[in-house]
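Peer 1: Got a predicted model here, sequence first, then my questions.
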Amino acid sequence: MAAPAERESQDEPTLTGSLLVASPQLTDPNFSRTVVLVLEHGEEGALGVVLNRPTALGVDELLEPWARQAQMAPPPVMFRGGPVAPDAVIGLARVHRTDETHGRHRVLESVTTVDLAVPPDDQPPGLEGVRLFSGYAGWSAEQLEEEIAEGAWFTLTAVVSDLFASDPERLWHDVLQRQGGDLAMLSGYPPHPSLN
């Protein structure tokens, strides 16, 4: 498992920018076989978005101004980011200039959150595709740490291609497969063990 980064102001580790990959024992339908990108993690809890739950709703149907940016990160559909606040939309943008975030929150080296209230043409330069997530996953203080200790999640290193995978429904398998060893073997675990 990847070692988490250090919090800027504390010695405690943070999972911000890491992936949470659901273990086969996590059967909650909201999170079964999910891959979650952690956007924030601190003493008060954690927040992330599910990367591998595309919906059938096109971005052009909900946030038409962002349709062109979504087409640059296909599929250009809304993603179900999690069960919390399903009417809230979070945007993650691939950015060209990694040295300037223009007030955006950096998640990975070339990925930031984006203020969707500001139309794409009025955004600072450098956007190279956007994924939009309705809702998010949230954990209260120490809740995520407890779930990890119980074996519900694997904490792994995120790469930009995870966030913008062209076949997001394969992401759970693909992320585990690239780890090698026991985790790669788990990637073949059937969705319903009784079918094995």
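Peer 2: Structure received.

Peer 1: Would you map the helices across the protein?
Peer 2: Using DSSP state H, the helices of the chain run over residues 59-62, 67-71, 143-149, 160-163, 171-179, 181-186.

Peer 1: Tell me which of those lies nearest to residue 94.
Peer 2: helix 160-163 (6.7 Å; CB to CB). Placement of C-beta: from N, CA and C, glycine included.

Peer 1: Only C-alpha atoms, please: export the closest one in PDB.
Peer 2: Taking Å, rounded to 0.1, in the frame of the first residue of the first chain, the C-alpha atoms of helix 160-163 are listed here in PDB:
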ATOM      1  CA  VAL A 160      -4.000  11.100 -13.400                       C
ATOM      2  CA  SER A 161      -5.300   8.400 -15.800                       C
ATOM      3  CA  ASP A 162      -7.400   7.000 -13.000                       C
ATOM      4  CA  LEU A 163      -9.300  10.200 -12.800                       C
END
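
Peer 1: So what touches that helix?
Peer 2: 19, 35, 37, 51, 92, 94, 107-111, 131, 171, 175 (CB atoms under 8 Å, 6 or more residues apart in numbering).

Peer 1: Among the helices of the chain, which comes closest to residue 29?
Peer 2: Shortest distance between residue 29 and the helices of the chain, using CB to CB, is found for helix 171-179: 14.3 Å.

Peer 1: can you give me phi and psi for the residue nearest to residue 26 when sequence neighbours are not counted?
Peer 2: Counting by CB to CB, 6 or more residues apart in numbering, residue 152 is the residue found nearest to residue 26 once chain neighbours are left out, at 4.5 Å. Main-chain torsions, residue 152, degrees, to the nearest 10: phi -80, psi -30.

Peer 1: Can you give me the distance of residue 152 to residue 30?
Peer 2: Distance from residue 152 to residue 30, counting by CB to CB, to the nearest Å: 12 Å.

Peer 1: ok, back up a step: out of the contacts of helix 160-163, who has the most neighbours?
Peer 2: residue 131 (32 neighbours; other CB atoms under 10 Å).

Peer 1: Isn't that residue up against residue 73?
Peer 2: Yes. Using CB atoms under 8 Å, residue 131 is in contact with residue 73, at 5.3 Å.

Peer 1: Please identify every residue contacting each of the two.
Peer 2: With CB under 8 Å, 6+ apart as the test, residue 131 and residue 73 both reach residue 164.

Peer 1: List the buried residues for stretch 163-182?
Peer 2: Buried residues in stretch 163-182, counted by 16 or more other CB atoms under 10 Å: 163-165, 168, 171-176, 179.
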